[in-house]
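>>> Have a look; sequence and predicted model below, questions after that.
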Amino acid sequence: MTKALNVSDGDAGAAAPLITFEVVTLFPELFDGFLSASLLGRAVAGGLIAVERTNPRDFAPGKHRSVDDTPYGGGPGMILRVEPFAAALAHIEAQRGPARKILMSPQGALLDQQKVQALSRLGRIVLVCGRYEGFDERVGSVLCDEELSIGDYVLAGGELGALVVIEAVARLLPGVLGCGQSIEDESFSHGRLEYPQWTRPLTFQDRTVPAVLLSGNHQQIASWRRQEALRRTAARRPDLLARHPPNEAERALLEAQGESPPGLEKGAPKGEAKP
């Protein structure tokens, strides 16, 4: 009924995973490649995370194990029934304990880094994935604790969204990346995009690495990176500035260059967005 990717149950000396993801999906095989390669593959193999997969079709009644039906009131497509998902979630809790139950849905709150950080502090998360035309309303309102969306577009199912959640959360856990500084410096960690990065060659198609990065002056480099991160955020994601207005130090960096982020006026109270 279930398929797992985690440390061997026979290894009595293995430490418990930092977090366990329970995925409820009609297509558990979609996770095989992604969960066995690269960062997540190493985290699973190292026992840092565990991923259990449960197919609600295993809990559907009848010879054909049907999980869907036509919608009340008419309309196109088929709707996933509540009973198989209720039984699957009850089985998960009985076998491995309670968890935060999240329905992957375009109607859910938009996933962002702040939410990812909150999820990383949980020990167990259930990610419920849909297919077809959608769910019976009671899957979300009765069975799950919340709904999450990864963006304003339509996919064939919730599996890709579940994988996004798993990777985004897993990489915040100690030991998964292997470098805590990488987490602190990357995009969205402080409401800003990451500063531009450069490596060899020194010049490519008439574009040369900024001189400050060659200076060896770490204080100047750090200041340049903060400024470039702020500039890039203002140019590409002004919505982030609306949610995380520049503080006094950031304003000083911009004003030193004679710039001001879009939507913010010079001389306005520090850290406050323009009305």
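All right, it came through fine. Residues are numbered from 1 along each chain as shown.

>>> what ranges do the strands span in this protein?
Per DSSP state E, the chain carries strands over the ranges 2-5, 19-24, 49-54, 68-69, 79-80, 100-110, 124-128, 134-135, 146-149, 203-204, 207-208.

>>> Would you convert those strands into CSV that also reports mean neighbour count?
C-beta coordinates here come from the backbone N, C-alpha and C atoms, glycine included. As requested, those are exported to CSV (neighbours: other C-beta atoms under 10 Å):
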stretch, mean neighbour count
strand 2-5, 17
strand 19-24, 27
strand 49-54, 24
strand 68-69, 15
strand 79-80, 20
strand 100-110, 19
strand 124-128, 24
strand 134-135, 22
strand 146-149, 18
strand 203-204, 10
strand 207-208, 9
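
>>> out of those, nearest to residue 61?
Closest approach to residue 61 among the strands of the chain (C-beta to C-beta): strand 68-69, 11.8 Å.

>>> The closest one packs against which elements?
The contact analysis (3 or more C-beta pairs under 8 Å, 6 or more residues apart in numbering; DSSP states H and E) places strand 68-69 against strand 79-80.

>>> Lowest mean pLDDT across the strands of the chain, which one is that?
Per-stretch mean pLDDT for these is lowest at strand 2-5 (a mean of 66).

>>> Which among the strands of the chain is found nearest to residue 251?
Distances from residue 251 to each of the strands of the chain were compared using C-beta to C-beta; the shortest belongs to strand 100-110, at 27.8 Å.

>>> Which strands border the closest one, and is each parallel or antiparallel?
Strand pairing for strand 100-110, determined by DSSP bridges: strand 124-128 (parallel), strand 146-149 (parallel).

>>> who's in contact with it?
Among residues not part of strand 100-110, those counted as contacts by C-beta atoms under 8 Å, 6 or more residues apart in numbering are 89, 115, 119, 122, 124-130, 135, 139-140, 143-154, 158, 161-162, 165.

>>> could you give the angle of that strand to strand 19-24?
Here strand 100-110 runs at 80 degrees with respect to strand 19-24, directions being taken by axes from the mean of the first three to the mean of the last three C-alpha atoms, to 10 degrees.

>>> just the helices in the stretch 51-200 of the chain please.
In the stretch 51-200 of the chain, the segments counted as helices under DSSP state H, counting those that start in this stretch are 82-96, 113-119, 137-138, 159-170, 180-185.

>>> Just say which of the ones you listed is most tucked in.
When you average the neighbours per residue for each of the helices of the stretch 51-200 of the chain (mean count of other C-beta atoms under 10 Å), helix 159-170 leads with a mean of 22.

>>> what angle separates that one from strand 49-54?
Between the axis of helix 159-170 and that of strand 49-54 there is an angle of 160 degrees, by the same axes, to 10 degrees.

>>> Mind giving me the packing neighbours of helix 159-170?
Packing contacts for helix 159-170, counted by 3+ C-beta pairs under 8 Å, 6+ apart, involve strand 19-24, helix 38-45, strand 49-54, strand 100-110, helix 113-119, strand 124-128, strand 146-149.

>>> of those, which approaches residue 177 most closely?
The closest approach between residue 177 and any of these, judged by C-beta to C-beta, belongs to helix 38-45 at 7.3 Å.

>>> can I get the CA coordinates of that closest one in PDB?
The C-alpha coordinates for helix 38-45 follow below in PDB (Å, rounded to 0.1, in the frame of the first residue of the first chain):
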ATOM      1  CA  SER A  38      21.300  15.000  -6.300                       C
ATOM      2  CA  LEU A  39      20.700  16.900  -3.100                       C
ATOM      3  CA  LEU A  40      17.500  15.000  -2.100                       C
ATOM      4  CA  GLY A  41      19.000  11.700  -3.000                       C
ATOM      5  CA  ARG A  42      21.900  12.300  -0.700                       C
ATOM      6  CA  ALA A  43      19.600  13.500   2.100                       C
ATOM      7  CA  VAL A  44      17.400  10.400   1.800                       C
ATOM      8  CA  ALA A  45      20.400   8.000   1.600                       C
END
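
>>> Just the buried residues of it, please?
40, 42-44 (16 or more other C-beta atoms under 10 Å).
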